[in-house]
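Undergrad: what follows is a predicted structure for the sequence shown.
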Amino acid sequence: MELSWTMKLRIGAAAAVGIVLIGFLGWQLTEPVATTGMVRPSGIVTLVILALAAGFIGYFVSWPHGKEIGILAAPFGLVVWAMRSGSMASLMQVYPTAAQRKELIESLRWEPAIWLIIVAAGCVGPLVCWKIFSKAKPDEKKKESKTNPVKYLNAVTALAASAVIAQFFLRVFAQDVSLRDDQLSSVVAQPATGQVIFAVFMSFGIAAFVARKFLGVGYTWSIISTFFVTIFSLSVYAKNAIYLTSNWPAAIFSNAVVSVLPVEMVAYGTLGSVAGYWMAIRFDYWRKHEL
């Protein structure tokens with residue numbers, strides 16, 4: 001069940017749409033603050049519009065699999081933002097005192113919600129187009145929308161499990177220099193950009209794989225969990241901000257999860273979640289047809 005070259009082209013086309021509209025055009029229009037990946041309030045509406053457009057176009061350039069592939073346009077665009085942004089360490093250097101860093105943490109705490117809105121906007125286009133142009137019969141569409149209490153329970157469980165699993169593997173994969181600390185047991189240096197990409201992508205990929213495999217849910221809940229993972233990690237840093245500021249350089253954190261910017265968490269986490277979900281489906285197919 002390997003991806004065909006035509007499928008890879010469709011994915012590449014959808015990614016290109018998001019990269020151009022959000023990654024480059026959006027970056028110019030919204031005037032991001034410094035190199036931190038944060039966007040001015042006036043630019044949020046612009047990004048939402050661009051994400052909607054990316055989703056619509058992504059649906060058609062990846063036809064006839066636009067529903068599944070078109071949603072990738074927006075997160076691929078955010079990947080450009082994440083890669084063009086600075087690191088959490090560089091951001092901490094701009095805010096050297098404990099008071100400044102606590103204020104910074106408060107400003108970052110809800111930022112993942114903004115990026116998730118962009119991702120959600122990018123999903124609207126493909127879903128609307130699918131509703132309009134899909135050849136599925138009305139009763140089939142209605143059947144797909146039916147829910148039950150077990151489904152809701154699985155969704156809540158998947159959300160919580162994804163957050164826990166991603167937290168665990170982020171600490172495993174986002175490795176850099178680790179130093180002993182008497183109060184915190186250990187501290188870690190800012191991982192390299194490539195290490196952050198790998199860690200976030202793989203962590204949420206594993207989370208989505210497990211959620212699909214054992215709970216039968218989609219990747220939505222793993223994507224949403226990026227918000228809660230970020231909230232928790234920033235809270236941990238805020239708790240130790242005074243101690244870290246007094247005893248360690250800006251590039252040192254209480255754990256590796258804190259070293260990931262919100263835009264990195266959402267962008268790479270979204271793509272990892274989608275990949276993990278489809279890997280679980282592929283795994284089930286392999287077990288059914290190859291064994």
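TA: That came in fine, so what should we check first? Numbers count the residues shown, from 1 in each chain.

Undergrad: going by C-alpha atoms from here, please, whenever you check contacts or count neighbours.
TA: Will do.

Undergrad: per-residue confidence for the closest residue to Phe173 other than its chain neighbours?
TA: In space, not counting the residues next to it along the chain, Phe173 is nearest to Ala199; the distance is 4.8 Å by CA to CA, 6 or more residues apart in numbering. We note a pLDDT of 97 for Ala199 in this prediction.

Undergrad: right, and Ala199 touches Asp176 too?
TA: No: using CA atoms under 8 Å, Ala199 is not in contact with Asp176, being 11.5 Å away.

Undergrad: can you pull out the helices in the protein?
TA: 5-18, 27-30, 41-61, 66-69, 73-84, 88-94, 98-109, 111-133, 138-144, 149-173, 193-215, 220-239, 241-247, 262-289 (DSSP state H).

Undergrad: rebuild those helices as JSON lines, extending it with mean neighbour count and distance to Ser185.
TA: Supplementary listing: these in JSON lines, determined by neighbours: other CA atoms under 10 Å; distance: least, CA to CA, whole Å:
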{"stretch": "helix 5-18", "mean neighbour count": "20", "distance to Ser185": "42"}
{"stretch": "helix 27-30", "mean neighbour count": "16", "distance to Ser185": "40"}
{"stretch": "helix 41-61", "mean neighbour count": "22", "distance to Ser185": "39"}
{"stretch": "helix 66-69", "mean neighbour count": "23", "distance to Ser185": "44"}
{"stretch": "helix 73-84", "mean neighbour count": "26", "distance to Ser185": "30"}
{"stretch": "helix 88-94", "mean neighbour count": "17", "distance to Ser185": "20"}
{"stretch": "helix 98-109", "mean neighbour count": "17", "distance to Ser185": "20"}
{"stretch": "helix 111-133", "mean neighbour count": "21", "distance to Ser185": "29"}
{"stretch": "helix 138-144", "mean neighbour count": "10", "distance to Ser185": "50"}
{"stretch": "helix 149-173", "mean neighbour count": "18", "distance to Ser185": "14"}
{"stretch": "helix 193-215", "mean neighbour count": "24", "distance to Ser185": "22"}
{"stretch": "helix 220-239", "mean neighbour count": "22", "distance to Ser185": "14"}
{"stretch": "helix 241-247", "mean neighbour count": "15", "distance to Ser185": "13"}
{"stretch": "helix 262-289", "mean neighbour count": "22", "distance to Ser185": "25"}
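
Undergrad: what's the closest of those to Asn255?
TA: Ranking those by proximity to Asn255 (CA to CA) places helix 149-173 first, at 6.9 Å.
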